[in-house]
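Undergrad: next one to model:
(chains A and B)
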Amino acid sequence: MKGSVNFPIIDSAVRFRSGGGAFKVMEWLKEAKTWGIVHSVAAPPDEFVAVYNERGNELMAGVVKRYPRRFSGLAVANPWYGKKAVTLLRKAFDAGLSGLYLHPGRQGFHLTESIVNPLVRVCLEYGKPVYSYTGTPVCCMPFQLAELARRFPRVSFVLGHFAWSDFCGYDVIPACKQAPNIYIETSCATGGMVRAALDALGPERILFGSGYPRSLPEHEFEKIRPLKLPDDVLRRYFTENAKRLWQVPL
Amino acid sequence: MKIIDTHTHFPGHAFGMKPKKGAQLREEFKAEGFHGAWIMTTDGLLSDPARHNNLLYEGVRNDLDFFTPFCTVNPHDGAARAVKELERCAGLLSMKGLKLHSWLQSFSLSHPAVEPILRRASELGLPVLLHDGTPPYSTPLQIASVAERVPGTTVILGHSWLDDLWEDAILAANRHRNIFLCLCSLSAGAIREIIRRVPPERLLFGSDSGFGPGLGKAAIAKIRGAGASARTRKLIFSGNAMRLLKNESGK
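TA: Numbers count the residues shown, from 1 in each chain, chains lettered A, B, ... in the order given. As a prediction, this is how the structure comes out:
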């Protein structure tokens, strides 16, 4: 789509790769520039998601402070750290991070388990969304996210990577119908599945994501092109929905 | 560059598909950029394999210079009956490979009929392409455990385990020389890593085409964008497929 849309592209699904205990920020900025992505919602690499939460949040806050117009940063707090995780999350939001990133497969919990509730309550208190990696059985399937979303109807949730691969064609749309506070981030799934989500749920609940580095921007743009979506839908998909959800300063 | 898609589906009525004639499908696949396609039944994975093997053969028999049909059998029919159907397909219907789908056909790779079916496939010179990527019956190491018991059989992981366990698919392929990975429906980042870490002689191109338009072009773009050498791309797009079927054209 690069070059064919005349509004800013916001990418709601970037994970920095790690190197030497830091984030490879420049690597992503180069990629984003290539594809005309003006703003990225980024989460830390796996080791920071699973274990080194505090360091991950500090690094992410540093990135956002340095590039406020280029990045919104997601905070990490492994629910198994209990009260410490709650404290970490408050600190991260106070430092300017834009939402909570959950990865149940890496962090070792199920989305339906109550240990995640205190963290979601912090999101409710701060008005921040929750992005969850989804699609991996047995811990982060669409109906599990819907269950959590129904538990917290005033918190916005993002169903990451369209629950690719095992559940995207079957469970995602029924799950999203259960809970109107779920957005779908579309990386990894096919263009046909994006079309199905638009038809079933309308254009307000889908978010463009490159899924980097799991997927790549080139593929994520190319799969949308054949859908021939009208400009007002593309604007919501690439810009407006994410801008509103993440409160992007564009 | 010649492109042979080793993972396509013959549309029937399942999954909202509509039946198509071989000639029409051939034109659609050519438009995707393919020069040939290994094609497998879809409806036959859900019921009555023999009937759908026949329908597949009838559907593509006039286009065998483009399509390479793969049959299916159901292990739940028992080893003897399944092997008999396999032999019928390899002989009467000139099928060149076997497709098994442990998710849709609801069998474990440890089902006692699986090993004899795979052994007979090897004796008949048929590679076996297995759906993988859907737990609990199709993980890479489950498939690897069967592949280890039938080292003479070419075993293809039809999706390199999609996204969750592609690391396991790499382990399986690097441990067992009879395992091939089909780079079908994986995310681009996983494809890039697999190409970097698995011998290129054991990688195949696939797209799941038949399920809808555009899948082929998207899959080709993922391979082209993976940073592979020209030699590796050639092997993936057609060289390995041709070698597996032991003829020059790969068809």
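Undergrad: mind listing what the closest residue to B:His35 other than its chain neighbours touches?
TA: Of all residues beyond its chain neighbours, the one nearest B:His35 is B:Lys2 (4.9 Å), with distances taken as C-beta to C-beta, 6 or more residues apart in numbering or on different chains. C-betas here are computed from N, CA, C, even on glycine. By C-beta atoms under 8 Å, 6 or more residues apart in numbering or on different chains, the contact list for B:Lys2 reads B:35-36, B:234, B:237-238.
Undergrad: mind doing that once more with 7 Å?
TA: B:35, B:237-238 (C-beta atoms under 7 Å, 6 or more residues apart in numbering or on different chains).
Undergrad: who wins on neighbours among the residues you listed?
TA: B:Phe237 (25 neighbours; other C-beta atoms under 10 Å in any protein chain shown).
Undergrad: my read: B:Cys89 touches B:Gly97, true?
TA: No - applying C-beta atoms under 7 Å, one finds B:Cys89 not in contact with B:Gly97, separated by 9.6 Å.
Undergrad: run through the chain and note the low-pLDDT ranges.
TA: If you meant another chain, say so; for now it's chain A. Applying pLDDT under 70 to chain A flags residues A:1-4.
Undergrad: looking at chain B here, not the other one
TA: The low-confidence ranges in chain B, as defined by pLDDT under 70, are B:247-251.
Undergrad: chain A contacts on that one?
TA: B:133-135, B:162-164, B:185, B:187-190, B:212, B:214-215, B:218, B:221-222, B:225 (C-beta under 7 Å from any C-beta of the partner chain).
Undergrad: among the residues you listed, the buried ones, what's the PyMOL command?
TA: Selection of buried members from the residues of chain B next to chain A for PyMOL, criterion 16 or more other C-beta atoms under 10 Å in any protein chain shown:
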select buried, chain B and resi 133+134+135+162+163+164+185+187+188+189+190+212+214+215+218+221+222+225
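Undergrad: in strands, which of the residues of chain B next to chain A fall?
TA: Among the residues of chain B next to chain A, no residue falls in strands (DSSP state E).
Undergrad: now the strands for chain A?
TA: A:9-15, A:18-19, A:22-23, A:37-43, A:71-75, A:99-102, A:130-133, A:157-160, A:182-185, A:206-207.
Undergrad: what angle do the lengthiest helix in chain A and strand A:37-43 make?
TA: When chain A is parsed with DSSP state H, its longest helix is helix A:53-66. If you take axes from the mean of the first three to the mean of the last three C-alpha atoms, to 10 degrees, helix A:53-66 sits at 160 degrees to strand A:37-43.
Undergrad: quick one: contacts of the helix or strand containing B:Arg88?
TA: Element membership of B:Arg88 [criterion: DSSP states H and E] is helix B:79-91. Defining contact as C-beta under 7 Å, 6+ apart, one finds that helix B:79-91 is touched by B:49-50, B:53, B:71, B:73-75, B:95, B:98, B:113, B:116-117, B:120-121, B:124, B:126.
Undergrad: for that helix, output the C-alpha coordinates as CSV.
TA: This file holds the C-alpha atoms of helix B:79-91, laid out as CSV (Å, rounded to 0.1, in the frame of the first residue of the first chain):
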residue,chain,number,x,y,z
ALA,B,79,-3.8,-50.5,7.5
ALA,B,80,-4.9,-53.1,5.0
ARG,B,81,-7.8,-51.1,3.5
ALA,B,82,-5.8,-47.9,3.5
VAL,B,83,-2.8,-49.5,1.8
LYS,B,84,-5.1,-51.1,-0.8
GLU,B,85,-6.5,-47.7,-1.7
LEU,B,86,-3.0,-46.3,-1.8
GLU,B,87,-2.0,-49.0,-4.3
ARG,B,88,-5.1,-48.4,-6.4
CYS,B,89,-4.3,-44.7,-6.6
ALA,B,90,-0.7,-45.2,-7.4
GLY,B,91,-1.6,-47.7,-10.1
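Undergrad: partner strands of the helix or strand following it, parallel or antiparallel?
TA: Counting by DSSP H and E, the next helix or strand C-terminal to helix B:79-91 is strand B:97-100. Strand B:97-100 has the following strand partners under DSSP bridges: strand B:67-72 (parallel), strand B:128-130 (parallel).
Undergrad: got the buried residues for the first one?
TA: This points to strand B:67-72. Taking 16+ other C-beta under 10 Å as the criterion, strand B:67-72 shows B:67-72 as buried.
Undergrad: and if you look at the last one?
TA: Within strand B:128-130, the residues that count as buried by 16+ other C-beta under 10 Å are B:128-130.
Undergrad: for that strand, the distance to its chain's centre please.
TA: Between the centre of strand B:128-130 and the centre of its chain there are 5 Å (C-alpha atoms, centre = their mean, to the nearest Å).
Undergrad: helices of chain A, residue ranges please.
TA: A:25-35, A:46-50, A:53-66, A:83-94, A:104-107, A:117-126, A:142-151, A:172-178, A:191-201, A:217-222, A:231-235, A:241-246.
Undergrad: any chance of the ones you listed in a markdown table, with distance to chain B and mean neighbour count too?
TA: A markdown table is the format used below for those (distance: least, C-beta to the nearest C-beta, whole Å; neighbours: other C-beta atoms under 10 Å in any protein chain shown):
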| stretch | distance to chain B | mean neighbour count |
| --- | --- | --- |
| helix A:25-35 | 12 | 16 |
| helix A:46-50 | 12 | 19 |
| helix A:53-66 | 20 | 19 |
| helix A:83-94 | 25 | 18 |
| helix A:104-107 | 8 | 21 |
| helix A:117-126 | 24 | 17 |
| helix A:142-151 | 15 | 21 |
| helix A:172-178 | 14 | 19 |
| helix A:191-201 | 5 | 18 |
| helix A:217-222 | 5 | 22 |
| helix A:231-235 | 17 | 15 |
| helix A:241-246 | 20 | 21 |
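Undergrad: right, and those helices - which one's nearest A:Val158?
TA: A:Val158 lies closest, by C-beta to C-beta, to one member of these: helix A:241-246, at 7.5 Å.
Undergrad: show me how far the closest one is from its chain's centre.
TA: 11 Å.
Undergrad: contact partners for A:Arg90?
TA: Counting by C-beta under 7 Å, 6+ apart, A:Arg90 has contacts A:Val122.
Undergrad: tell me how far it lies from A:Asn57.
TA: 11 Å (C-beta to C-beta, to the nearest Å).
Undergrad: same deal with B:Leu203?
TA: Distance from B:Leu203 to A:Asn57, by C-beta to C-beta: 39 Å.
Undergrad: touching, B:Ala228 and B:Ile195? I think so.
TA: Yes - B:Ala228 is within contact range of B:Ile195, at 5.0 Å (criterion: C-beta under 7 Å).
Undergrad: and the strands of chain A as JSON lines, adding distance to chain B and mean neighbour count?
TA: Converted to JSON lines, those look like this (distance: least, C-beta to the nearest C-beta, whole Å; neighbours: other C-beta under 10 Å):
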{"stretch": "strand A:9-15", "distance to chain B": "10", "mean neighbour count": "26"}
{"stretch": "strand A:18-19", "distance to chain B": "14", "mean neighbour count": "14"}
{"stretch": "strand A:22-23", "distance to chain B": "17", "mean neighbour count": "18"}
{"stretch": "strand A:37-43", "distance to chain B": "15", "mean neighbour count": "24"}
{"stretch": "strand A:71-75", "distance to chain B": "19", "mean neighbour count": "28"}
{"stretch": "strand A:99-102", "distance to chain B": "16", "mean neighbour count": "28"}
{"stretch": "strand A:130-133", "distance to chain B": "11", "mean neighbour count": "26"}
{"stretch": "strand A:157-160", "distance to chain B": "12", "mean neighbour count": "29"}
{"stretch": "strand A:182-185", "distance to chain B": "13", "mean neighbour count": "26"}
{"stretch": "strand A:206-207", "distance to chain B": "17", "mean neighbour count": "24"}
